[in-house]
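K.L.:
okay, here's the prediction I keep looking at, along with the sequence it came from:
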Amino acid sequence: MSFIFSTHPLHPAAKAMLQGAGDLRIASAPDPETLLREGRGAGIVIVRAPIPPVFFEDAPALRAAIRHGAGLDMVPMEAATRAGVLVANVPGVNASTVAEHVFLVTLALLRRFRQMDGDLRQNGWAAGRAQADAAVDLGGRTMGIVGMGNVGKAIFKIAKFGFGLEVVATSRSPGSVPEGARFLTIDELVALADILVLCCPLTPGTTGLLHAGRIARMRPDAILVNVSRGPVVDDAALIEALRGGRIGGAALDVFATQPLPLDHPYFGFANVIVTPHLAGLTEESMMRMGTGAASEALRVIKGDLPVNLRNPEVVEHYRRRFPT
């Protein structure tokens, strides 16, 4: 029976799917040392935490690393491919969930929800109500979307057809920008957008994408929403802009260091919303991601290839390791 190792607990529906297919074990902690120790001998690893490259060394039973979600930055692709291990993910299943979060925090910033709620609770009705004097509508504004994958497209639909926003977008492939959105270069986009949404994957090309020069080009009342990955943003430059009042605010769900230290400067700004990397997490999305990952695991256990195989160049090596 296969040993299926998961870095985090799975939704009950996913656990039920895997019952009888293998010995499912959940890591006691998601740090690299624990994953290496407790994951030794696994046939499949389900990934919700960064996997160290050495995990794939001396792992003769390991068939597949399956991402519980879409982003592959938690999987060392070169190490997995070199070891003959299949890598798969579950793309798109939490795109609508992330998109809903984008508008939750966007409206909270524009309508000054944190300040209003705090003033109402501490200083009374009139103080809370006074925050409306500086609140602004979402309607009539321009949203700039960086990255037009499943999440970017879900955000575009709500922005364009839900709120009637002007949408501009940038993407590695201009052809992915849907009708109704205008393609711009990243430098054009950051200068024009009232709401700048980062939802691109983390790659060498997107690391530091929003650097000091681009932050300086942003409108003074613009807000930044990052549901991508923390290293896409130059933290020092963003903090400096916030301290100088040079942008309107930010909603950040991802950070270069996670968990975010409680003494981090981001916690000190009233116009910054900080969330603990949960934009894509709800009961429903956890079920979709979990059952999607479980489905891919079952395919591999049966001897089939994953539907969402992300390193197809590994198949020949994989077949030599596990002949059908």
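P.N.:
Sure, I can see it. Residues are numbered from 1 along each chain as shown.

K.L.:
all contacts plus neighbour counts: C-alpha atoms, from now on.
P.N.:
Fine.

K.L.:
and whichever helix or strand Ala65 is part of, what does it pack against?
P.N.:
Ala65 is part of strand 64-67, with elements assigned from DSSP states H and E. Applying 3 or more Cα pairs under 8 Å, 6 or more residues apart in numbering; DSSP states H and E, one finds that strand 64-67 contacts strand 44-47, strand 86-88, helix 283-302.

K.L.:
okay if I get the ones you listed as CSV plus mean neighbour count?
P.N.:
CSV is the format used below for the helices and strands packed on strand 64-67 (neighbours: other Cα atoms under 10 Å):
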stretch, mean neighbour count
strand 44-47, 26
strand 86-88, 26
helix 283-302, 20
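
K.L.:
looking at those, spot the one closest to Gly180.
P.N.:
Distance to Gly180, taken as Cα to Cα, is lowest for helix 283-302 among the helices and strands packed on strand 64-67, at 27.4 Å.

K.L.:
so what touches the closest one?
P.N.:
The contact list for helix 283-302 (Cα atoms under 8 Å, 6 or more residues apart in numbering) reads 2, 10-15, 17-18, 21, 44, 46, 63-64, 66-69, 88-90, 93-94, 97, 305-308.

K.L.:
can you say which of those are buried?
P.N.:
2, 10-11, 14, 18, 21, 44, 46, 63-64, 66-69, 88-90, 93-94, 97, 305-306, 308 (16 or more other Cα atoms under 10 Å).

K.L.:
if we can go back for a sec, partners of the strand holding Ala65 in the sheet?
P.N.:
According to DSSP bridges, strand 64-67 forms sheet pairs with strand 44-47 (parallel), strand 86-88 (parallel).

K.L.:
format the ones you listed as a markdown table; extra columns: mean pLDDT.
P.N.:
Listed next are the strands paired with strand 64-67 as a markdown table, based on pLDDT from 0 to 100:
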| stretch | mean pLDDT |
| --- | --- |
| strand 44-47 | 98 |
| strand 86-88 | 98 |
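
K.L.:
can you check the pLDDT for Ser2?
P.N.:
Per-residue pLDDT puts Ser2 at 80.

K.L.:
which residues sit in contact with the closest residue to Asn308 other than its chain neighbours?
P.N.:
Excluding the flanking residues, the one nearest Asn308 by Cα to Cα, 6 or more residues apart in numbering is Ala88, at 5.3 Å. Residues counted as contacts of Ala88 (Cα under 8 Å, 6+ apart) are Ala64, Ala65, Ile66, Arg67, Glu296, Pro306, Val307, Asn308, Leu309, Arg310, Asn311.

K.L.:
which of these lies at the shortest distance from Asn271?
P.N.:
Nearest to Asn271, judged by Cα to Cα, of the contacts of Ala88 is Arg67 at 33.5 Å.

K.L.:
tell me what that closest one is bridged to.
P.N.:
Val47.

K.L.:
relative to Asp117, which of the helices and strands packed on strand 64-67 is closest?
P.N.:
Among the helices and strands packed on strand 64-67, the nearest to Asp117 by Cα to Cα is helix 283-302 (26.4 Å).

K.L.:
and after the closest one, which helix or strand comes next?
P.N.:
Following helix 283-302 in sequence order, the next helix or strand is helix 315-321 (DSSP H and E).

K.L.:
pull out the buried residues from that following helix.
P.N.:
Val315, His317, Tyr318, Arg321.

K.L.:
now the element after the helix or strand hosting Ile145, going C-ward?
P.N.:
Per DSSP H and E, Ile145 falls inside strand 142-146. Per DSSP H and E, the first helix or strand lying C-terminal to strand 142-146 is helix 150-157.

K.L.:
now the angle from the following helix or strand past that following helix to helix 150-157?
P.N.:
Helices and strands here follow DSSP H and E; after helix 150-157, the next one along the chain is strand 166-170. Relative orientation of strand 166-170 versus helix 150-157 (axes from the mean of the first three to the mean of the last three Cα atoms, to 10 degrees): 160 degrees.
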